[in-house]
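Peer 1: No letters, just coordinates:
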């Protein structure tokens, strides 16, 4: 979706054009699999930070025990 079409909805919520752009960039990189954090003092903008996917626990590889 083009930012120009999406912006009026965000403007009615009080989100500025710059903040809308930051939100879109954060979502883009999140979809690519990057862990994204929006560092800001603006709580409204911070609320649009993409959620982090849950970590998948790693399992230990079984040790190969040698029987001599």
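Peer 2: Perfect, thanks for sending it. A quick note: this is a predicted structure, and the numbers were derived from the prediction, not measured.

Peer 1: Can you tell me how far the spatially most central residue of the chain is from residue 61?
Peer 2: For the chain, the residue nearest the mean C-alpha position is residue 50 (3.1 Å; Cα atoms, centre = their mean). Residue 50 sits 32 Å away from residue 61, going by Cβ to Cβ, to the nearest Å. The way it works is simple: take the backbone N, C-alpha and C, and place the C-beta from them, glycine included.

Peer 1: wait, the residue nearest to the centre of the chain sits on residue 25?
Peer 2: No - between residue 50 and residue 25 there is no contact under Cβ atoms under 8 Å: 10.5 Å.

Peer 1: for the chain, what spans make up the helices?
Peer 2: Here the chain has its helices, by DSSP state H, at 3-12, 17-31, 43-46.

Peer 1: Residue 57: which of those helices is closest?
Peer 2: The minimum distance between residue 57 and the helices of the chain falls on helix 17-31, with 21.5 Å, by Cβ to Cβ.

Peer 1: what's the span of stretch 52-62 from first residue to last?
Peer 2: 30 Å (Cα to Cα, to the nearest Å).

Peer 1: tally of neighbours for the nearest residue to residue 50 once chain neighbours are set aside?
Peer 2: For residue 50, ignoring the flanking residues on the chain, the nearest one in space by Cβ to Cβ, 6 or more residues apart in numbering is residue 30 at 3.7 Å. Using other Cβ atoms under 10 Å, residue 30 is surrounded by 16 other residues.

Peer 1: same deal with residue 24?
Peer 2: The local packing of residue 24 (other Cβ under 10 Å) involves 15 other residues.

Peer 1: The closest residue to it other than its chain neighbours: neighbour count?
Peer 2: Nearest non-adjacent residue to residue 24, counting by Cβ to Cβ, 6+ apart: residue 3, 6.3 Å away. Look at residue 3: counted by other Cβ under 10 Å, it has 12 neighbours.

Peer 1: Noted, bye for now.
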